[in-house]
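Q: Just a sequence and a predicted model for now, questions to come.
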Amino acid sequence: MKKCPYCKIEVGGNPSKCPLCQSRLSGEGEEMHFPAVDALKVRSFIYKLQMLIILSTVIIGLGLDFFYKVRIPGYPKLHWSLLVAMWLLAFEFFIMRQFRPDTGSARKVTLILIVMLIMLLVTAHYLDFMWLALDWVVPIVLAAMMITNFVLAMIDKRGNTMAYLLSGSLFGLLPCIIRFAAEGKMSVTWLVCSMVGTILLVAAIIFRGRAVFGEIQRRFNL
């Protein structure tokens, strides 16, 4: 191992100068060594394995559906493999998002829940449970999204979460207003969803008022 005669330090590898004083090092160098990346290799293998399983499931489902005419009882004309492929590919998309270091938690939560709601409505349309999805699942998921974004906004120190809290409140309150204007009534779940959105918006103004108004000014150029 090389040594610096002035700084009295040992330097690994085979550099020619001291990293502190830039003096010429003495002694014999050694082979360059790098940190082990076994954990990354294992994680990469697991990621590739689950990708192979998902794509294999999609291919098998499409083959059984379109070539062997395997059908769900009660739905003779439904190509169920397309719904399965939609959900599995969306799951793969969510897994890929987790490996992106530039994606914040609030953005991930909002994006995942919105995509899931869209897929749920598509599935409900073809499997005939749209009333259940609209009256129960959608308002519950929207309320959960607003609560999650509120918690993230309260603990966020960088101020990047407030936009998702405000947009989440909009997604929660706007459907309630539209349904009430169209039907003249509102179910219990949608009423709870609207109250949750209103309470969280008021709480955000009380606890983080400057951040709320600053975000509004930034988005609308006020």
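A: Happy to help now that I have it.
Q: And the next helix or strand past the helix or strand harbouring Ala143?
A: For Ala143, the host element (DSSP states H and E) is helix 138-155. Sequence order places helix 162-183 as the next helix or strand after helix 138-155, per DSSP H and E.
Q: residues in contact with that following helix?
A: 106-107, 109-110, 114, 138-139, 142-143, 145-146, 149-150, 152-153, 156, 186, 190-191, 193-194, 196-198, 200-201, 204, 208, 211-212, 214-216, 219 (CB atoms under 8 Å, 6 or more residues apart in numbering). (Each C-beta comes from the backbone N, C-alpha and C, glycine too.)
Q: Sketch out the strands for this protein, chain order is fine.
A: Taking DSSP state E, the strands of the chain run over residues 2-3, 10-11.
Q: any idea of the pLDDT on Val37?
A: Confidence at Val37, expressed as pLDDT, is 55.
Q: show me the contacts for Phe93.
A: Phe93 neighbours (CB under 8 Å, 6+ apart): Val115.
Q: Please apply the same query to Thr57.
A: So Thr57 contacts 84, 88 (CB under 8 Å, 6+ apart).
Q: The same query, at a cut-off of 7 Å, please.
A: By CB atoms under 7 Å, 6 or more residues apart in numbering, Thr57 lies in contact with Leu88.
Q: got any ranges where this structure has weak pLDDT?
A: Residues of the chain that meet the criterion pLDDT under 70 lie in 31-40, 98-103, 159, 221-222.
Q: In space, not sequence, find me the middle residue of it.
A: Nearest to the geometric centre of the chain sits Lys108, at 2.4 Å (CA atoms, centre = their mean).
Q: State the distance from that residue to Ile114.
A: Taking CB to CB, to the nearest Å as the measure, Lys108 falls 11 Å from Ile114.
Q: Turn the strands of the chain into CSV, including mean neighbour count and distance to Phe45.
A: Formatted as CSV, the strands of the chain follow (neighbours: other CB atoms under 10 Å; distance: least, CB to CB, whole Å):
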stretch, mean neighbour count, distance to Phe45
strand 2-3, 18, 37
strand 10-11, 16, 35
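Q: I'd like the ones you listed laid out as JSON lines, including distance to Ala181.
A: Output for the strands of the chain, formatted as JSON lines (distance: least, CB to CB, whole Å):
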{"stretch": "strand 2-3", "distance to Ala181": "77"}
{"stretch": "strand 10-11", "distance to Ala181": "73"}
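Q: and the longest helix for this structure?
A: Secondary structure of the chain per DSSP state H: the longest helix is helix 38-66.
Q: Gly61: how many residues sit nearby?
A: Gly61: 19 surrounding residues under other CB atoms under 10 Å.
Q: picking that back up, what's near enough to touch the residue nearest to the centre of the chain?
A: Lys108 touches Arg97, counting by CB under 7 Å, 6+ apart.
Q: That one and Asn149: what is the separation?
A: In terms of CB to CB, Lys108 sits 11 Å off from Asn149.
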